[in-house]
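> what's the 3D shape of this:
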Amino acid sequence: MPDQIAVERFAKELRLTLVETFESVHGLYLDKGTSLFETLATITAEEASRPVSATCATLAAQVEHTRFYLDLVADHMEGKDAGKVDWGEIWRTVSAVTADEWAASKARLDASYRRVVSIIKTRTWEHEDALFDAFGILAHTAYHLGEIRQALCTIKTAG
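Have a look, this model is predicted:
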């Protein structure tokens with residue numbers, strides 16, 4: 001029989017990777033100070049409202065989209081059916097934000113992240129979509145973190 005990873009070890013490593021991705025870098029795969037929340041802390045509402053180009057979304061939309069995805073996956077993890085999902089709504093509707101709206105958006109993202117972590121702490125991994133959910137959260141968030149960090153190269157110099 002091939003070696004198997006203990007469920008407890010998998011869950012621990014998953015949580016460590018989520019912490020690195022969202023909260024603070026511990027040297028797993030990101031550079032110091034580049035986690036999602038560390039990155040968002042450096043962005044003003046004005047910067048979050050500025051698209052990189054006429055065909056690109058704002059950082060505010062990137063954050064709301066990431067939060068939306070986390071909520072959908074959390075619902076799925078809890079056995080809730082999302083029904084028909086409009087993946088384009090956020091890209092069409094979120095653009096400029098005030099300082100209060102930007103703070104609220106980041107707070108919603110944090111709450112969604114905390115919800116996912118809470119679910120993962122108590123999750124069993126027998127369901128066929130369990131690993132898909134976990135890896136989807138990591139891959140999707142890492143992608144949008146990269147999008148945000150890349151956009152900052154233009155936004156921070158254009159200000």
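
> Of all residues in this protein, which one is nearest the centre?
The centroid of the chain falls nearest to Thr141 when counting by CA atoms, centre = their mean (3.8 Å).

> Can you give me the end-to-end span of stretch 125-132?
Taking CA to CA, to the nearest Å, stretch 125-132 runs 10 Å from one end to the other.

> Show me what counts as buried in it.
Going by neighbour count (16 or more other CB atoms under 10 Å), the buried part of stretch 125-132 is Ala130. In this view, the C-beta of every residue, glycine as well, is placed from N, C-alpha and C.

> pLDDT of that stretch, averaged?
Stretch 125-132 shows a mean pLDDT of 76.

> And stretch 35-43, by the same measure?
Stretch 35-43 comes out at a mean pLDDT of 97.

> And the contacts of it?
For stretch 35-43, contacts defined as CB atoms under 8 Å, 6 or more residues apart in numbering pick out 20-25, 59, 63, 66, 102, 106, 109-110, 141, 145, 148-149, 152.

> Low-confidence stretches in the chain?
1-2, 128, 158-159 (pLDDT under 70).
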